[in-house]
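S.K.: Mind looking at a prediction? Sequence and model below.
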Amino acid sequence: MDHSILIIGLGNIGAEYENTRHNVGFQLLDQIAKIQMVNFQKKQELKGMIARFQYAGKTVTLLKPITYMNLSGEAVRKTIDFFKISPPNILVLFDDVDVALGQFKLKSSGSSGGHNGLKSIETHLGSKDYYRIKIGVGKNSQITLSDYVLGKFEPEEKKTLEQVFKQVEPLVMAFIEKGYHGALDSLSLLRSQNANKNST
């Protein structure tokens, strides 16, 4: 059994990109690292910021590429090769403008949907078949897509995002422990709990 797991959060490195919509993958990884009490270290040879911990008998590597979004696949490929992680044990966390803020989607494969980080990962993996969680940031037809995703969250939007992270974080941990189907089970349980809340 393969005990090495890689969780990738997509974003752009640098203070000017902090708290932007395009960086929700980084933000979620930061939260997981804080919960697990580990710190990120810059690994230039892997083109990424790396944090590692043990969970449920697995060695977990968190990766934040430092290549900028459109070259994220370079860091993913180098990290996979260095730690000898197999593709079924990879989960990518990223922003999606086609999913409303406050929503998220767990997927086993699919197209990049125009997301430059995913395009790069597909190129370097040679496949569209990898696990992912889309974190909705919504869209605004009044401004260009690039300005929107590189814009910062408003205070109310940040509160909504924090609630999403509270729901997604257990899915990530379920993926680490039991793989994609474990994450699916966790998602089903979450939806059932939410349905019960809404009916009371």
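M.R.: Here it is on my side, so go on.

S.K.: drop to CA atoms for contacts and neighbour counts, all remaining ones
M.R.: Will do.

S.K.: I'd say E177 and V60 touch.
M.R.: No: E177 lies out of contact with V60 (C-alpha atoms under 8 Å); the separation is 10.0 Å.

S.K.: The two: who's more crowded?
M.R.: V60 (20 against 17; other C-alpha atoms under 10 Å).

S.K.: How about the secondary structure of that one?
M.R.: Under DSSP: H, G, I helix; E, B strand; the rest coil, V60 falls in the strand class.

S.K.: next one: G110
M.R.: Going by three-state DSSP: G110 is coil.

S.K.: can you give me the strands for this structure?
M.R.: For the chain, the strands defined by DSSP state E occupy 4-9, 41-43, 48-55, 58-65, 90-96, 104-107, 131-136.

S.K.: what mean pLDDT would you report for the first one?
M.R.: Same thing as strand 4-9. The pLDDT scores in strand 4-9 average 96.

S.K.: for it, the distance to its chain's centre please.
M.R.: Computed by C-alpha atoms, centre = their mean, to the nearest Å, the separation of strand 4-9 from the middle of its chain amounts to 9 Å.

S.K.: Would you mind pulling the contact partners of that strand?
M.R.: Residues outside strand 4-9 that contact it (C-alpha atoms under 8 Å, 6 or more residues apart in numbering) are 24-29, 58-65, 76, 80, 83-86, 89-94, 176.

S.K.: Selecting buried members of those residues in PyMOL, what would you type?
M.R.: With 16 or more other C-alpha atoms under 10 Å as the burial test, the buried ones among the contacts of strand 4-9 are selected in PyMOL as follows:
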select buried, resi 24+25+26+27+28+29+60+61+62+63+64+65+76+80+85+89+90+91+92+93+94+176
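
S.K.: Apart from its neighbours in sequence, what residue is nearest I90?
M.R.: L6 (4.9 Å; C-alpha to C-alpha, 6 or more residues apart in numbering).

S.K.: which residues does L29 contact?
M.R.: Going by C-alpha under 8 Å, 6+ apart, L29 touches 8-9, 62, 64.

S.K.: Retrieve the pLDDT associated with the nearest residue to D96 once chain neighbours are set aside.
M.R.: Once flanking residues are discounted, D96 sits nearest to G136: 4.9 Å by C-alpha to C-alpha, 6+ apart. Here, the pLDDT recorded for G136 equals 95.

S.K.: and the residue nearest to the spatial centre of the chain, what pLDDT?
M.R.: Nearest to the mean C-alpha position of the chain, counting by C-alpha atoms, centre = their mean, stands L93 at 1.3 Å. With respect to pLDDT, L93 scores 97.

S.K.: Can you tell me how far it is from E45?
M.R.: According to C-alpha to C-alpha, to the nearest Å, L93 and E45 sit 22 Å apart.

S.K.: same deal with V76?
M.R.: Distance, V76 to E45, by C-alpha to C-alpha: 12 Å.

S.K.: got it, and N23?
M.R.: From N23 across to E45, the span is 22 Å (C-alpha to C-alpha).

S.K.: now do K105
M.R.: The value you get for K105 to E45, if C-alpha to C-alpha is used, is 32 Å.

S.K.: Which one of the two is surrounded by more residues?
M.R.: K105 (13 against 10).
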